[in-house]
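**Q** make a model of this:
(2 chains)
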Amino acid sequence: MTSVALPMTGLPLTDEELVARSRTGDTESFNQLVRRWERQIFALAYRTLGREEDARDVTQETFLRAFRALPGFKGDAKFSSWLYRIALNLCRDWMRRDRRAPMVDVPEGVEIHELAADKQEVASVEDLAARAELSAAVAAAMEQLPAEQRNAIILKEYQGLTFQEVAELMNCPLSTAKTRLYQGLTLLRRYLAEQGKFDPAAVQKAARTRRES
Amino acid sequence: MTHISEEALVDYLYDEGDPAERLRVARHLHECAACSVAVLELQSVRGLLSEWTPPPAALGFKIVAADEDAPVASRQRWSRIGERWPAWAQVAAGAFLFAAGVAFSQLHVEYGDGALTVRTRSAAPVNLASVTGDITLPAAPVNPVDVSMQSPDAQSPDLNALQQRLRSDLAPRPGSPAGSDEVLRRVKAMIDQSEGRQQRELALRLSQLVQDFDTQRRADMLNVEQNFGQLEGQTGAEVAQQRELLNSLVKVSQQAPQGPQGLQEK
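**A** Model prediction:
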């Protein structure tokens, strides 16, 4: 995470400080915010839309809209929550405009090199292929989920937001956000089991072992 | 699942919510095989979810300061120069242009002793009360001797000669006092007329200068505004063209048949 350092303290500027500077027309401060959050926004858009180029377009549009709307941003919410809301709205519009469900493009074998780049340890080709296959299976299972459950899982599991933030972004009560997450995870368990990626018997055995110990 | 509520289970899974409630769930899981299996299954699902990673896309977006995208007052452009410049800068610019105009004219301006002095090339100096543009001319001299309003040293030889001739002509002649008085009155009237004409010309010239300056300023403003308008129009057109090109490219790429190596082809 890149950050602007205060000249005296050496501490990185907070989002709020960078937002305040950006509001005065300081584009470099805003670009610091872009660098700080673009990966998260891209990940959100990618997991929601399932296509890299769409996700990149949505990410770019998110920051463009945020920059234009910055004078109207009162700071009532966190800057990141505000960004997520813009991105989610754009994703929704994107899917509505294209009249299609999210299309997950995780073909076999293609992201082996991408996965390899992320890993420190040297993995065998078989391991990489297995991971790529698992990644594709998860993506396919996520695609089958209802949109509300999928969004809840993306925001909580992948973006690491609090339940309160998830509820606010999804405009629903806290309990509803938790229920959607639970139902989504339960459905995923079933879908992954159907694809042979999840073995309930092994889990039961592990649970028994844990309790006995 | 009836032993633990969905909300409590989710709180426990993600380590959120009331700590006391999470402790109660943990104790229950230790005793209840069904709930323990359910929680472990969901934890396994979470483990699998971590395998789905987004591709390492090249991002690096950057906002470039352009007029269209500026979030604050920088949207105001040169066309509104009068609104953007502070009052003192406008006054300074006006004063500079005024001085430049004066330099090309036959006027000479001096500032001293708290008053602005405007002088024509050959005429007498006229004191202006202030620099605010209100021109107040001094009352016309009554004494015919002071016709030139200048010290004798500064007068030209012609004027001196004229003065001498007038003095000799106007000198009272014995025996004809009435005729001398008549001539004196006529000369006084002529001098008054000449003085008044000079003052009127000076005032007229000054007002013309101010008017010319204002006209030029407006023309310059209009020119600057038009230039910027053209620039904006060109930039907007380029952006629109690029966006159209991008849209068509996206459409074509979406229509293109996806091969087995779809991701690489994109």
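**Q** run through the residues that contact A:Val34.
**A** A:63, B:61-63 (Cβ atoms under 8 Å, 6 or more residues apart in numbering or on different chains). Every residue, glycine included, has its C-beta placed from N, CA and C.
**Q** please redo it, this time with the cut-off set to 6 Å
**A** A:63, B:61 (Cβ atoms under 6 Å, 6 or more residues apart in numbering or on different chains).
**Q** so what does it look like in phi/psi?
**A** phi -60, psi -50 (degrees, to the nearest 10).
**Q** what do you get for B:Thr53?
**A** The phi/psi pair for B:Thr53 (degrees, to the nearest 10) reads phi -110, psi 140.
**Q** low-confidence bits of chain A, can you list those?
**A** Low-confidence segments of chain A (pLDDT under 70): A:1-10, A:99-124, A:210-213.
**Q** chain B contacts on that one?
**A** A:25, A:27, A:30-31, A:34, A:38, A:42-43, A:46, A:52-53, A:56, A:60, A:63, A:67, A:70-71, A:105, A:107, A:110, A:114, A:134-135, A:138-139, A:157, A:163, A:175, A:178-179, A:181-182, A:185, A:188-189, A:192, A:203-204, A:207, A:211 (Cβ under 6 Å from any Cβ of the partner chain).
**Q** residue contacts, the residue nearest the centre of chain A?
**A** The centre of chain A sits closest to A:Leu44, judged by Cα atoms, centre = their mean, with a distance of 3.2 Å. A:Leu44 makes contacts with A:87, A:159, as judged by Cβ under 6 Å, 6+ apart.
**Q** and for A:Ala177?
**A** A:Ala177 makes contact with A:152, A:163, A:166-167, according to Cβ under 6 Å, 6+ apart.
**Q** same thing but at 7 Å, please
**A** If you count contacts by Cβ atoms under 7 Å, 6 or more residues apart in numbering or on different chains, A:Ala177 has them with A:152, A:163, A:166-167, A:170.
**Q** pull out the buried members of the residues of chain A next to chain B.
**A** A:25, A:27, A:30-31, A:34, A:38, A:42-43, A:46, A:52, A:56, A:60, A:63, A:67, A:70, A:105, A:107, A:110, A:114, A:134-135, A:138-139, A:157, A:163, A:178-179, A:181-182, A:185, A:188-189, A:192, A:203, A:207 (16 or more other Cβ atoms under 10 Å in any protein chain shown).
**Q** what sits closest to A:Arg150 if chain neighbours are left out?
**A** Among residues not flanking A:Arg150 along the chain, A:Met142 sits closest, at 5.8 Å (Cβ to Cβ, 6 or more residues apart in numbering or on different chains).
**Q** that neighbour and A:Ala152 touch, don't they?
**A** No - applying Cβ atoms under 7 Å as the test, A:Met142 and A:Ala152 come out as separate, 11.4 Å apart.
**Q** so for the two, which residue has more residues nearby?
**A** Neighbour tally, A:Met142 and A:Ala152, criterion other Cβ atoms under 10 Å in any protein chain shown: the higher count belongs to A:Ala152, 30 against 25.
**Q** just the element for the more buried one, please.
**A** Secondary-structure element containing A:Ala152, defined by DSSP states H and E: helix A:147-153.
**Q** can you give me the offset of that helix from its chain's centre?
**A** Its chain's C-alpha centre and that of helix A:147-153 lie 11 Å apart, by Cα atoms, centre = their mean, to the nearest Å.
**Q** for that helix, packing partners?
**A** helix A:174-194 (3 or more Cβ pairs under 7 Å, 6 or more residues apart in numbering or on different chains; DSSP states H and E).
**Q** mind listing the helices for chain A?
**A** Counting by DSSP state H, one finds helices in chain A at the ranges A:15-23, A:27-49, A:52-69, A:79-98, A:112-118, A:125-144, A:147-153, A:163-169, A:174-194, A:200-212.
**Q** need those helices in CSV (columns: distance to B:Thr53).
**A** As requested, these are exported to CSV (distance: least, Cβ to Cβ, whole Å):
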stretch, distance to B:Thr53
helix A:15-23, 25
helix A:27-49, 8
helix A:52-69, 12
helix A:79-98, 18
helix A:112-118, 7
helix A:125-144, 7
helix A:147-153, 15
helix A:163-169, 21
helix A:174-194, 16
helix A:200-212, 23
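**Q** so which of the ones you listed gets nearest B:Leu245?
**A** Each of the helices of chain A has some distance to B:Leu245 by Cβ to Cβ; the shortest is helix A:52-69, at 14.2 Å.
**Q** any idea of the angle the strand or helix carrying B:Asp212 forms with helix A:79-98?
**A** For B:Asp212, the host element (DSSP H and E) is helix B:177-255. Here helix B:177-255 runs at 70 degrees with respect to helix A:79-98, directions being taken by axes from the mean of the first three to the mean of the last three Cα atoms, to 10 degrees.
**Q** and helix B:177-255, anywhere near chain A?
**A** No - using Cβ under 7 Å from any Cβ of the partner chain, we find that helix B:177-255 stays clear of chain A, coming within 7.7 Å at best.
**Q** let me know the angle separating that helix from helix A:52-69.
**A** 160 degrees.
**Q** let me know the average pLDDT across helix B:177-255.
**A** Per-residue pLDDT over helix B:177-255 has a mean of 76.
**Q** tell me what it is packed against?
**A** Against helix B:177-255 (3+ Cβ pairs under 7 Å, 6+ apart) you get helix B:87-104, helix B:157-170.
**Q** weakest of those in terms of mean pLDDT?
**A** Here the helices and strands packed on helix B:177-255 differ in mean pLDDT, and the lowest is helix B:87-104 at a mean of 59.
**Q** related to what we said a few turns ago, what does the helix holding A:Ala152 rub up against?
**A** A:142, A:166, A:170, A:177, A:180-181, A:183-185, A:187.
**Q** which parts of it are buried?
**A** For helix A:147-153, the buried set under the neighbour-count rule, 16+ other Cβ under 10 Å, comprises A:148-153.
**Q** ok, so of the residues you listed, who is nearest chain B?
**A** Comparing these against chain B with Cβ to the nearest Cβ places A:Ile153 closest, at 7.3 Å.
**Q** now do that closest one against A:Lys197, distance only.
**A** In this view, A:Ile153 and A:Lys197 are 16 Å apart by Cβ to Cβ, to the nearest Å.
**Q** likewise B:Leu48?
**A** Counting by Cβ to Cβ, the gap from B:Leu48 to A:Lys197 is 6 Å.
**Q** common neighbours of these two, please.
**A** By Cβ under 7 Å, 6+ apart, B:Leu48 and A:Lys197 have these common neighbours: A:Leu134.
**Q** show me what contacts the nearest residue to A:Ala87 once chain neighbours are set aside?
**A** Excluding its sequence neighbours, the residue lying closest to A:Ala87 (Cβ to Cβ, 6+ apart) is A:Thr62, at 4.4 Å. By Cβ under 7 Å, 6+ apart, the contact set of A:Thr62 is A:41, A:83, A:86-87, A:90.
**Q** hmm, 8 Å instead?
**A** A:41, A:45, A:83, A:86-87, A:90.
**Q** isn't A:Leu18 up against A:Asn31?
**A** No - in this structure A:Leu18 lies outside contact range of A:Asn31 using Cβ atoms under 8 Å: 9.4 Å.
**Q** just the CA trace of stretch A:174-187, in CSV.
**A** Coordinates of each C-alpha in stretch A:174-187 appear next as CSV, following Å, rounded to 0.1, in the frame of the first residue of the first chain:
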residue,chain,number,x,y,z
LEU,A,174,-27.9,-6.4,10.1
SER,A,175,-29.7,-9.7,10.7
THR,A,176,-30.6,-9.9,7.0
ALA,A,177,-27.0,-9.4,6.0
LYS,A,178,-26.0,-12.3,8.3
THR,A,179,-28.7,-14.5,7.1
ARG,A,180,-27.8,-14.0,3.4
LEU,A,181,-24.2,-14.8,4.2
TYR,A,182,-25.2,-18.0,6.1
GLN,A,183,-27.5,-19.1,3.3
GLY,A,184,-24.9,-18.3,0.7
LEU,A,185,-22.2,-20.4,2.4
THR,A,186,-24.7,-23.3,2.9
LEU,A,187,-25.5,-23.2,-0.8
